[in-house]
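Engineer: fold the stuff below for me.
(one chain, ligands or ions: 1)
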Amino acid sequence: MRVDQIFAEARANGTQPVSFEMFPPKGELTLERAREVASGFASLAPDFISVTYSAGGSGNSAATAQIASMISSEFNISSVAHLTCISLTRETLAEKILEFMDAGIENVLALRGDLPAGMSEAEAGDIAFPYAKDLVPALVDAGFCVGGAAYPEGHLTCDDLPTSVKHLRQKQDAGASFLVTQLFFDNEYFYRFRELADAAGITIPITVGIMPFTSKQQVTRMVFTCAASLPAPVIKILARFEDDPESLRAAGIEYACRQLEDLAAHGVDGLHVYTMNRADVAAAAMSALRG
Ligand code: FAD
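Structural biologist: Just a heads-up that it's a prediction; the model follows:
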């Protein structure tokens, strides 16, 4: 099913779609291990599952379409295949579109991908598709339902939030029909961003992405790769359970569940969980949201 239809039906029924993100397992037997992960997620009946795309040709990018296709055909759950434009040319995009069509993909999350080490934002302007928005029209023309990424605290390489929101509006104008946010640990940032997005005329559904954190290293990485602010309650959890990884993991999942509940109560368009392929994380989030 198309994700724009899922959001439209949820809006009409006064509900909020709950979705999961998974990544293609690395190494051997990617598909078999992805099937196990997807099977666990499918038993929780999410509204859709998105599958990340590895930019930079690590070898796993080919698995994205296969896994998204398997999720829809074997588990009857709608899926979204991510696609990054950073390494695409016009020719390879045409090939990707055919590959996605052959795999029966209906929904694509159009992304730029992180720049290769050493490439500046200015140099990125010279590649075939410099920004995610440039990828959207070709995908829409090919018949896909297309989404884009949104940044409640602004993108790491963008100096200010109003500019980030202006760039977001360009994704809607290019034909995107839903947005998924970067993770954040403090809901207040999302509520402020939502006001700016409303004022900028962004009307397509924005589903909020939340990552239940399970270790201090993971939080540290996210702070620097996603430019996510650390609120005092998260710092206190990290300090309190510094020498107790199991309790830290439980507290991190619990924190995310409270975040999701608060967002749901504030009437967000949808809730998307960065599961890191972990069944217990997905189950805890679903239990907090659906009981
Ligand atoms: P863009 O929207 O193109 O933005 C990139 C930068 O360019 C930003 O600073 C933006 O403000 C700026 N910009 C945009 N438009 C313009 C313009 N017209 N003029 C000047 N500057 C502009 N990465 C992966 O490799 N694989 C994945 O599967 C993946 N999934 C993701 C899923 C979600 C929900 C999110 C939030 C991120 C994901 N990422 C993934 C990471 C993403 O690729 C990076 O955050 C990347 O740096 C930006 O991608 P984007 O699509 O937001 O890019």
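Engineer: is the nearest residue to Glu153 once chain neighbours are set aside in a helix, a strand, or coil?
Structural biologist: Nearest non-adjacent residue to Glu153, counting by CB to CB, 6 or more residues apart in numbering: Tyr189, 5.1 Å away. From N, CA and C alone the C-beta is placed, and that goes for glycine too. Three-state call for Tyr189 (DSSP: H, G, I helix; E, B strand; the rest coil): helix.
Engineer: which ones are touching Tyr189?
Structural biologist: Pro152, Glu153, Ser229 (CB atoms under 8 Å, 6 or more residues apart in numbering).
Engineer: tell me where this structure has helices.
Structural biologist: 3-13, 30-42, 61-75, 90-102, 121-124, 132-141, 161-174, 187-199, 216-226, 232-240, 245-265, 279-290 (DSSP state H).
Engineer: what mean pLDDT does stretch 205-217 have?
Structural biologist: The average pLDDT within stretch 205-217 is 97.
Engineer: next one, pLDDT for the closest residue in space to Pro231 that isn't next to it in sequence please.
Structural biologist: Spatially, and ignoring its direct neighbours in sequence, Pro231 is nearest to Asp186 (4.2 Å; CB to CB, 6+ apart). Model confidence at Asp186, given as pLDDT, is 98.
Engineer: please apply the same query to the one 4 residues further on.
Structural biologist: The score at Phe190 is 98. That number is its pLDDT.
Engineer: and for Ala128?
Structural biologist: Looking at Ala128, its pLDDT is 89.
Engineer: neighbours of it, how many?
Structural biologist: The local packing of Ala128 (other CB atoms under 10 Å) involves 15 other residues.
Engineer: identify the residues contacting it.
Structural biologist: Counted by CB under 8 Å, 6+ apart, Ala128 has contacts Cys85, Leu88, Thr89, Arg90, Leu93.
Engineer: distance of it relative to Leu168?
Structural biologist: 22 Å (CB to CB, to the nearest Å).
Engineer: still on that earlier bit, how close does the residue nearest to Glu153 sit to Ala150?
Structural biologist: Here the distance between Tyr189 and Ala150 works out to 12 Å (CB to CB).
Engineer: write out the residues of the protein neighbouring the ligand.
Structural biologist: Residues of the chain lying close to the ligand (CB under 6 Å from any ligand atom) are 52-53, 55, 82, 84, 111-114, 131-133, 149, 155, 157-158, 164, 167, 170, 180, 182, 209.
Engineer: thinking Met222 is in contact with Leu183, fair?
Structural biologist: Yes: counting by CB atoms under 8 Å, Met222 does reach Leu183; the two are 6.4 Å apart.
Engineer: mutual contacts of the two, please.
Structural biologist: Here Met222 and Leu183 share the contacting residues Met211, Ala228, scored by CB under 8 Å, 6+ apart.
Engineer: can you pick out the most distant pair from the contacts of Ala128?
Structural biologist: Greatest spacing in these, by CB to CB: Cys85 and Arg90 (10.8 Å).
Engineer: spatially central, which residue of the protein would that be?
Structural biologist: The structure's the chain has its C-alpha centroid closest to Val180; by CA atoms, centre = their mean the separation is 5.3 Å.
Engineer: outside of the lowest-mean-pLDDT helix or strand in the chain itself, list whatever touches it.
Structural biologist: Lowest by mean pLDDT, DSSP states H and E among the helices and strands of the chain is helix 121-124, with a mean of 72. Among residues not part of helix 121-124, those counted as contacts by CB under 8 Å, 6+ apart are Ile86, Arg112, Leu115, Pro130, Thr157.
Engineer: can I get stretch 198-207 in CSV, CA atoms only?
Structural biologist: What follows is stretch 198-207, C-alpha atoms only, in CSV (Å, rounded to 0.1, in the frame of the first residue of the first chain):
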residue,chain,number,x,y,z
ASP,A,198,3.3,24.9,9.4
ALA,A,199,4.3,28.6,8.8
ALA,A,200,6.3,27.5,5.8
GLY,A,201,3.3,25.9,4.2
ILE,A,202,4.4,22.3,4.7
THR,A,203,1.2,20.3,4.7
ILE,A,204,2.3,16.8,3.9
PRO,A,205,2.4,14.4,6.9
ILE,A,206,5.5,14.5,9.1
THR,A,207,6.1,11.3,11.0
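Engineer: list the buried ones in that stretch?
Structural biologist: Neighbour-count burial for stretch 198-207, counted by 16 or more other CB atoms under 10 Å, picks out Ile202, Ile204, Pro205, Ile206, Thr207.
Engineer: just stretch 261-268 next, same as before
Structural biologist: Buried, per 16+ other CB under 10 Å, within stretch 261-268: Leu263, Ala264, Val268.
Engineer: try stretch 92-109
Structural biologist: Judged by neighbour count (16+ other CB under 10 Å), stretch 92-109 contains these buried residues: Leu93, Lys96, Ile97, Glu99, Phe100, Ala103, Ile105, Glu106, Asn107, Val108, Leu109.
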